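Q: Sequence and computational prediction follow.
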Amino acid sequence: MTGLRSRLQHRFNPLHVYCRLRCLGFSGPLARSVCAVYERLLYRRTLS
């Protein structure tokens, strides 16, 4: 179970999400904005 949790933490890390958005063609500022919202609304709440 620890391996699965580790992989999920990596996949849903805001920096990883940012990199994937950039690979999909998002501009840098737009990808950063999306990740900032994602981090505030979802990522931090799941860690608490």
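A: On my side now, so go ahead.

Q: From now on I want contacts and neighbour counts done on CA atoms only, so please keep to that.
A: Noted.

Q: Helix or strand: which one has the closest residue in space to Pro14 that isn't next to it in sequence?
A: In space, and not counting its chain neighbours, Pro14 is closest to Cys35: 5.8 Å by C-alpha to C-alpha, 6 or more residues apart in numbering. If you go by DSSP states H and E, Cys35 is part of helix 28-38.

Q: burial of Gly25, as a residue count?
A: 9 (other C-alpha atoms under 10 Å).

Q: residue contacts, it?
A: Listed by C-alpha atoms under 8 Å, 6 or more residues apart in numbering, the contact set of Gly25 is empty.

Q: where does this structure have low pLDDT?
A: 1, 46-48 (pLDDT under 70).

Q: Check the spacing between the residue nearest the centre of the chain and Leu42 real quick.
A: Computing the C-alpha centroid of the chain and ranking residues by C-alpha atoms, centre = their mean puts Pro14 first, at 2.6 Å. Distance, Pro14 to Leu42, by C-alpha to C-alpha, to the nearest Å: 10 Å.

Q: now His16
A: 14 Å.

Q: isn't His16 right up against Gln9?
A: No - using C-alpha atoms under 8 Å, His16 is not in contact with Gln9; the gap is 9.7 Å.
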